[in-house]
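**Student:** coordinates only, sequence not included:
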């Protein structure tokens, strides 16, 4: 008899613990939901965004699902960043976000409203190229040229962080960018020329 009562008590205790645990989780979930009530829902209708690109502010109205690459190319007419794979594997759409290289096809425009965005158009002009851009021309580091902006942006970030990178560091910085023409030796040569010159990259 005592054994049966002990078993009952044990099962009651387990049941009470399970109920208490479930209630605690439910309370935590309810609190989390309440905290979301104060947040403004976004979409699916277009939202007004303000983006800081190449030192200027642009106001655009886009749906929350629109990528940064889409806004740059189709709304702001900044077509240096290229749409190739659209899945973060080729690097042709590389831009700088607060100085760091990112795939703009993988960033939603609404995510980057407070950040500084730099595209290839913000680095230099045809009459005033940056050292990296000039070295690409001098070292014949372009074939079709489609991937070139992405490589230039990745290397610009590298040289901003380190003025005299090694060959291995140069290759690592370019590892997220693909050149279907196979111009890698010329690209590395161009980057090495800038590293050896000690010039500023801007």
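**Tutor:** Arrived safely, thanks for sending. Note that the structure is predicted; figures quoted are calculated from it, not measured.
**Student:** where do the strands sit along the chain?
**Tutor:** 47-53, 56-62, 94-97, 100-103, 116-118 (DSSP state E).
**Student:** In the chain, where is pLDDT below threshold?
**Tutor:** 1-43, 200-202 (pLDDT under 70).
**Student:** What residue, apart from its backbone neighbours, is nearest the most centrally placed residue in the chain spatially?
**Tutor:** The residue lying closest to the centre of the chain (Cα atoms, centre = their mean) is residue 102, at 3.3 Å. The shortest distance from residue 102 to any non-neighbouring residue, by Cβ to Cβ, 6 or more residues apart in numbering, is to residue 95 (6.4 Å). From N, CA and C alone the C-beta is placed, and that goes for glycine too.
**Student:** how much space between the one you found and residue 168?
**Tutor:** 25 Å (Cβ to Cβ, to the nearest Å).
**Student:** Compare neighbour counts for those two and give me the winner.
**Tutor:** residue 95 (28 against 8; other Cβ atoms under 10 Å).
**Student:** could you list every residue that touches the more buried one?
**Tutor:** 68, 72, 81, 101, 102, 104, 117, 118, 119, 120, 153 (Cβ atoms under 8 Å, 6 or more residues apart in numbering).
**Student:** Who are the contact partners of the closest residue to the second one other than its chain neighbours?
**Tutor:** Among residues not flanking residue 72 along the chain, residue 78 sits closest, at 4.6 Å (Cβ to Cβ, 6+ apart). With contacts taken as Cβ under 8 Å, 6+ apart, residue 78 has the following neighbours: 53, 54, 72, 119, 121.
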